[in-house]
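Novice: The amino acid sequence is not available; the structure is as follows:
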């Protein structure tokens, strides 16, 4: 990359508020900018083809099985996926040439769950296609690059852009941006319907906003944090996605308690275990125990029926499950699940059904690996990684669509890797905004 191109990328990140103009040279801004571009491409892949579908065909009937994606949407989606794969490989090569410390074992831990899911598909006669390379390639790039903290802030920006876009589309074309009729269900209070933006369901938008929310706190300027937070919360309320709203509420309450100066009297150890570990553990317990203990099919908006049906079918293939395409491959599931669903509405149930015990164990290892890093960073002044894991745990209680093995799952797999491999440059505090604690700096910490 030429010096001129590099200077333009840095200047763009500075204008966007991602980089301060005095950030030290120890941050490889090309690496960070490359990861920001990858995240942006993943967002484009998930959002724009769906928007083109809406503009071409209108909003489809709720729970319809018709695939009406226009040719332009398909071509754009394939082109963006190819761009993600190609750019990821180029960035990975760049990162490896920098001769920074790279640990192959950590890369194996990050890639193993996706590998197990694709193995399950292969065992069930579902060989992975080229699109299956996108997420592993992006993970490889993040591992090789070890980008700076602006990559985390970029996720918050994507959430704000998604919220603003959904609100704008609702104002201009409410027939496209709002879910009405049978899809609203008991949420009849929603003005005009439930906000979906460009996505097929309001829960999809809600999950995205809730997962992006913790990274808003990484934005450098107070005004940008407040604007982004306001847009995300307004849009999130309008989605009617109760699971995502609950996750966001837990994140905000945790953040508020951390900001409360009196909490500091408990000491760093108490803050880790109570204020961060408590909410995360509660979300994890609900995710694991709810589907195992619930016996009423009508509980949690008929999720009890979905869980019972999928767990009974998991018993047929306990080790590797039925593969990530199980829901599309088995149309007879509609009757058993009580509707046309594409995921298990609980991460544990979903992973058992599509990937078996092998995938569950590998995902648990990855989460433990990332949680250890988030606790270290929290102790050094940055709660963002822990807040993201809290949001992920609470969303995973009653949803699972965010675990897709294609780029549709980018807001799960890529942030987990960024938490582990992001580098904090010397001279940049781990805290942001109004927090001014004197904390140690993290510079490519190996822990």
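Specialist: Structure's in. What do you need? Quantities reported herein were computed from a predicted structural model and do not represent experimental measurements. Numbering: from 1, shown residues only.

Novice: Going by C-alpha atoms from here, please, whenever you check contacts or count neighbours.
Specialist: Fine.

Novice: Can you tell me which helices and strands the longest helix anywhere in the chain packs against?
Specialist: What stands out as the longest helix in the chain, according to DSSP state H, is helix 347-379. Contact here means 3 or more Cα pairs under 8 Å, 6 or more residues apart in numbering; DSSP states H and E; on that basis helix 347-379 packs against helix 104-123, helix 277-293, helix 299-314, helix 384-395, helix 410-421.

Novice: Deepest-packed of these, please.
Specialist: Highest mean neighbour count among the helices and strands packed on helix 347-379 (mean count of other Cα atoms under 10 Å): helix 384-395, with a mean of 26.

Novice: ok, the nearest residue to residue 239 once chain neighbours are set aside - how many residues close by?
Specialist: Nearest non-adjacent residue to residue 239, counting by Cα to Cα, 6 or more residues apart in numbering: residue 195, 4.5 Å away. Neighbour count for residue 195, taken as other Cα atoms under 10 Å: 32.

Novice: Can you show me the strands along the stretch 201-350 of the chain?
Specialist: Secondary structure of the stretch 201-350 of the chain (DSSP state E, counting those that start in this stretch): no strands present.

Novice: which of the residues in the longest helix of the chain are buried?
Specialist: By neighbour count on 16 or more other Cα atoms under 10 Å, the buried set for helix 347-379 is 347-360, 362-363, 365-367, 369-371, 373-379.

Novice: That one vs helix 277-293, what angle?
Specialist: Following axes from the mean of the first three to the mean of the last three Cα atoms, to 10 degrees, one obtains 170 degrees for the angle between helix 347-379 and helix 277-293.

Novice: tell me the mean pLDDT for helix 347-379?
Specialist: Per-residue pLDDT values across helix 347-379 average out to 95.

Novice: Could you do stretch 386-403 as well?
Specialist: Across stretch 386-403, pLDDT averages out at 97.

Novice: Please tell me how far it is from the chain's geometric centre.
Specialist: With Cα atoms, centre = their mean, to the nearest Å as the basis, stretch 386-403 stands 8 Å off its chain's centre.

Novice: Residues contacting the one helix or strand residue 156 maps to, please?
Specialist: Using DSSP states H and E, residue 156 sits within helix 150-172. Applying Cα atoms under 8 Å, 6 or more residues apart in numbering, the contact partners of helix 150-172 are 18-19, 32-33, 35-36, 39-40, 43, 176-178, 195-198, 208-209, 212-219, 228-229, 231-232, 235-236, 415, 418.

Novice: and that helix, which residues are buried?
Specialist: Using 16+ other Cα under 10 Å as the test for burial, helix 150-172 gives 150-167, 169-170.

Novice: rewinding a little: I'd like the helices and strands packed on helix 347-379 laid out as TSV, including distance to residue 340.
Specialist: Putting the helices and strands packed on helix 347-379 into TSV (distance: least, Cα to Cα, whole Å) gives the following:
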stretch	distance to residue 340
helix 104-123	20
helix 277-293	19
helix 299-314	11
helix 384-395	20
helix 410-421	23
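
Novice: Tell me which of these sits nearest to residue 84.
Specialist: helix 410-421 (11.5 Å; Cα to Cα).

Novice: Against which helices or strands is that closest one packed?
Specialist: Using 3+ Cα pairs under 8 Å, 6+ apart, helix 410-421 is in contact with helix 134-145, helix 150-172, helix 202-212, helix 347-379.

Novice: how about those helices in CSV, adding distance to residue 282?
Specialist: CSV is the format used below for the helices and strands packed on helix 410-421 (distance: least, Cα to Cα, whole Å):
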stretch, distance to residue 282
helix 134-145, 28
helix 150-172, 24
helix 202-212, 17
helix 347-379, 15
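
Novice: Quick one, which of the ones you listed gets closest to residue 406.
Specialist: It's helix 134-145; of the helices and strands packed on helix 410-421, that one is closest to residue 406 (Cα to Cα) at 6.5 Å.

Novice: residues of the closest one that come out buried?
Specialist: For helix 134-145, the neighbour count (16+ other Cα under 10 Å) marks 134, 135, 136, 137, 138, 139, 140, 141, 142, 143, 144, 145 as buried.

Novice: Next one: the residue nearest to residue 239 from residue 168, what distance?
Specialist: Going from residue 195 to residue 168 by Cα to Cα, to the nearest Å gives 11 Å.

Novice: what residues are up against residue 227?
Specialist: The neighbourhood of residue 227, defined by Cα under 8 Å, 6+ apart, contains no residues.

Novice: again, 10 Å this time
Specialist: Neighbouring residues of residue 227 by Cα atoms under 10 Å, 6 or more residues apart in numbering: 160, 216.

Novice: quick one: it from residue 58, how far?
Specialist: Distance from residue 227 to residue 58, counting by Cα to Cα: 30 Å.

Novice: Residue 50 now?
Specialist: Plainly put, residue 50 is 11 Å away from residue 58 if you go by Cα to Cα.

Novice: related to what we said a few turns ago, got the angle for the helix holding residue 156 vs helix 202-212?
Specialist: Here the directions of helix 150-172 and helix 202-212 differ by 150 degrees (the same axes, to 10 degrees).

Novice: Low-confidence regions, this structure specifically.
Specialist: Applying pLDDT under 70 to the chain flags residues 1-27, 62-66, 99-100, 182-191, 261-273, 424-447.

Novice: Which of the helices and strands packed on helix 347-379 sits closest to residue 72?
Specialist: Closest approach to residue 72 among the helices and strands packed on helix 347-379 is made by helix 410-421 (22.4 Å; Cα to Cα).

Novice: Could you figure out how far that closest one is turned away from helix 104-123?
Specialist: Going by the same axes, to 10 degrees, helix 410-421 is angled at 160 degrees with respect to helix 104-123.

Novice: Tell me how far helix 410-421 lies from the chain's centre.
Specialist: Put simply, helix 410-421 sits 8 Å off its chain's centre (Cα atoms, centre = their mean).

Novice: Is there a neighbour count for residue 97? I'd like the number.
Specialist: For residue 97, the neighbour count with other Cα under 10 Å is 11.

Novice: ok now do it, which residues does it touch?
Specialist: 91, 144, 145.

Novice: Secondary structure element holding the first one?
Specialist: Spelled out, it's residue 91. helix 71-97.

Novice: by how many degrees do that helix and helix 134-145 diverge?
Specialist: Put simply, helix 71-97 runs at 30 degrees to helix 134-145, going by the same axes, to 10 degrees.

Novice: Any buried residues in helix 71-97, and which?
Specialist: Neighbour-count burial for helix 71-97 flags 73-74, 76-78, 80-85, 87-89, 91-92, 94-95 (criterion: 16+ other Cα under 10 Å).

Novice: and what of stretch 211-228?
Specialist: Within stretch 211-228, the residues that count as buried by 16+ other Cα under 10 Å are 211-220, 224-225, 228.

Novice: coming back round to it: mind checking how far the longest helix of the chain is from the chain centre?
Specialist: Between the centre of helix 347-379 and the centre of its chain there are 14 Å (Cα atoms, centre = their mean).
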